[in-house]
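Student: Sequence first, predicted coordinates after that:
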Amino acid sequence: MARGLFAALLLGLTAWSMAALADPLRVLSWGGAYERAQRDALFAPFTEQTGLQVEVHQYDGGLGALRRAEAAGETPWDVIDMTRSQAMAACEEGLLQPLPHDLPTPAPDGTPADRDFLPGAIGDCALTHSLFATVVAYRPDAFPGRRPTRLADLFDQQRFPGPRALQRTPAVNLEWALLSYGVPREELYRLLSTPRGLRLALERLGELKETRWWEAGDESPRLLVEGEVVMASGYNGRFFDAAVNRGAPIEILWDAQVQEHETWVIPRGAPHPGAARDFIRFATATERLADLARRIPYGPARRSATLQVTTHPDNDQDMRLHIPTHPLNAAGAIVKDEDWYARTRSLLDDHFETWLARQGCLISVNESCPPP
């Protein structure tokens, strides 16, 4: 009887293990052109190599959904594609699992990963895979006889009239607002750490007329393509997809691009952490990062992968000319201070939303506006 009970238990455990292995790896990512590139460069090859299916869910960033899932004890994702500043904040809150520093593979020539990855790419809870940029794009046909050439043109609605689209977040907008005053790049975050700097930045943003505030990454290219705005902030890869792959009449202004690390993380309550680590190791190998950059122009976090970036597999575009880290594009770049944002994000977000609410009140002449 005991032997029969043991056999039944063993059979049950085996069935449970097979069911667990049959579960898909659930990845939370950003959708759109970016997700399509990930499917071709990462997800499909991972499934082909391991037999494990990848199920992709979409979000627009932020930690709210992860906080709620962890609080409920029902985290539905194994891996999340997350900006490094948010990953640092999530790690500090205990929302993420630590990642072993030897998780990534060496370069093809044997160079250890910690020498092949860019400085700071291998973190306690996050592994950088790419560098993306938030840039300004515009419609050339909106300004006959002239074109924007510098970041300050975003705020010049006399020479470049028409509505703008900006991301509904303090990040990047605050840096650009101060930069338009002539504040040196190296002084941006010091000044933003003062009430005066924050006030100046919000005042500059408030001077813009007919601003559309976007949240989903594909929204700003759509607003440009449909002619609802003439200039917009957005992710360089999304604008590339609209202009090159879909022939949209838009161009990128690289001046004052804000570069940021994009990372892979594993939630603390991930259902399949072992498979998640296997995926991250696979997805950050040199060949995979180079293939991703050949499909969407984000700079690989590995030097060995950057050397392998060539042309797009479908349209023969030289992708090296479109990544934000190319010397021609990076000359006026701002490197986002992700430590600063990790420390200040909650307070900044609350302050920014209060300011936005007041801006809406002032436009509608609403007497119940919140105090400044």
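Tutor: That came in fine, so what should we check first? Everything numeric here is computed off the predicted structure, so don't read it as measured data. Residues are numbered from 1 along each chain as shown.

Student: need the strands for this protein, in chain order.
Tutor: Ranges of strands in the chain, per DSSP state E, are 25-29, 54-58, 79-83, 126-138, 164-167, 211-214, 231-235, 251-265, 299-300, 334-335.

Student: got a markdown table for the ones you listed, with distance to L198 and mean pLDDT too?
Tutor: Where you see a C-beta, it was placed from the backbone N, CA and C, and this is true even at glycine. Listed next are the strands of the chain as a markdown table, based on distance: least, Cβ to Cβ, whole Å; pLDDT from 0 to 100:
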| stretch | distance to L198 | mean pLDDT |
| --- | --- | --- |
| strand 25-29 | 31 | 98 |
| strand 54-58 | 32 | 97 |
| strand 79-83 | 21 | 97 |
| strand 126-138 | 19 | 98 |
| strand 164-167 | 16 | 97 |
| strand 211-214 | 18 | 95 |
| strand 231-235 | 19 | 97 |
| strand 251-265 | 17 | 97 |
| strand 299-300 | 30 | 96 |
| strand 334-335 | 17 | 94 |
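
Student: Columns distance to T311 and mean neighbour count on top of these, output as JSON lines?
Tutor: Output for these, formatted as JSON lines (distance: least, Cβ to Cβ, whole Å; neighbours: other Cβ atoms under 10 Å):
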{"stretch": "strand 25-29", "distance to T311": "24", "mean neighbour count": "22"}
{"stretch": "strand 54-58", "distance to T311": "26", "mean neighbour count": "16"}
{"stretch": "strand 79-83", "distance to T311": "25", "mean neighbour count": "25"}
{"stretch": "strand 126-138", "distance to T311": "18", "mean neighbour count": "26"}
{"stretch": "strand 164-167", "distance to T311": "30", "mean neighbour count": "23"}
{"stretch": "strand 211-214", "distance to T311": "31", "mean neighbour count": "17"}
{"stretch": "strand 231-235", "distance to T311": "21", "mean neighbour count": "26"}
{"stretch": "strand 251-265", "distance to T311": "19", "mean neighbour count": "22"}
{"stretch": "strand 299-300", "distance to T311": "15", "mean neighbour count": "28"}
{"stretch": "strand 334-335", "distance to T311": "28", "mean neighbour count": "17"}
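
Student: Adding distance to R345 as columns, could you present these in CSV?
Tutor: Formatted as CSV, the strands of the chain follow (distance: least, Cβ to Cβ, whole Å):
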stretch, distance to R345
strand 25-29, 19
strand 54-58, 21
strand 79-83, 10
strand 126-138, 15
strand 164-167, 14
strand 211-214, 18
strand 231-235, 18
strand 251-265, 13
strand 299-300, 24
strand 334-335, 17
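
Student: Tell me which of the ones you listed sits nearest to T306.
Tutor: strand 299-300 (5.1 Å; Cβ to Cβ).

Student: Show me the shaky parts of the chain.
Tutor: Along the chain, the model assigns pLDDT under 70 to residues 1-21, 361-372.

Student: In it, spot the helix with the most residues.
Tutor: The longest helix of the chain (DSSP state H) is helix 338-364.

Student: Now find how far off-centre it is within its chain.
Tutor: Relative to the chain's own centre, helix 338-364 is displaced by 19 Å; criterion: Cα atoms, centre = their mean, to the nearest Å.

Student: With stretch 327-343 instead?
Tutor: Chain-centre distance of stretch 327-343: 13 Å, with Cα atoms, centre = their mean.

Student: out of the strands of the chain, which comes closest to L328?
Tutor: Among the strands of the chain, the nearest to L328 by Cβ to Cβ is strand 251-265 (7.9 Å).

Student: now the angle from the closest one to strand 126-138?
Tutor: Per axes from the mean of the first three to the mean of the last three Cα atoms, to 10 degrees, the angle that strand 251-265 makes with strand 126-138 is 160 degrees.

Student: in its sheet, what does strand 251-265 sit against?
Tutor: Here strand 251-265 has these sheet partners by DSSP bridges: strand 79-83 (antiparallel), strand 126-138 (antiparallel), strand 334-335 (parallel).

Student: Tell me who's in contact with the nearest residue to W254 once chain neighbours are set aside.
Tutor: Spatial nearest neighbour of W254, excluding adjacent residues (Cβ to Cβ, 6 or more residues apart in numbering): N329 at 4.6 Å. By Cβ atoms under 8 Å, 6 or more residues apart in numbering, the residues touching N329 are A133, W254, Q257, L321, H322, I323.

Student: Same list (those) but as TSV, adding distance to R302.
Tutor: Output for the contacts of N329, formatted as TSV (distance: Cβ to Cβ, whole Å):
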residue	distance to R302
A133	18
W254	23
Q257	21
L321	19
H322	18
I323	13
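
Student: Which single one of those residues is nearest to A33?
Tutor: For the contacts of N329, the nearest to A33 is H322 (12.6 Å; Cβ to Cβ).

Student: neighbours of the closest one, just the number please.
Tutor: Burial of H322 is recorded as 23 neighbouring residues (other Cβ atoms under 10 Å).

Student: and it, how far is that from N245?
Tutor: 12 Å (Cβ to Cβ, to the nearest Å).

Student: ditto for S180
Tutor: For S180, the distance to N245 equals 31 Å [Cβ to Cβ].

Student: Just want to know which of these two has more residues nearby.
Tutor: The residue with more neighbours, out of S180 and N245, is S180; 20 against 15, by other Cβ under 10 Å.

Student: so what's that one up against?
Tutor: Going by Cβ under 8 Å, 6+ apart, S180 touches L151, A152, L154, F155, R204.

Student: run the last query once more with 10 Å
Tutor: By Cβ atoms under 10 Å, 6 or more residues apart in numbering, S180 lies in contact with R150, L151, A152, D153, L154, F155, D156, A201, R204, L205, E207, A256.

Student: mind putting those in CSV, distance to G94 included?
Tutor: Listed next are these as CSV, based on distance: Cβ to Cβ, whole Å:
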residue, distance to G94
R150, 43
L151, 38
A152, 42
D153, 44
L154, 39
F155, 40
D156, 45
A201, 32
R204, 37
L205, 34
E207, 41
A256, 35
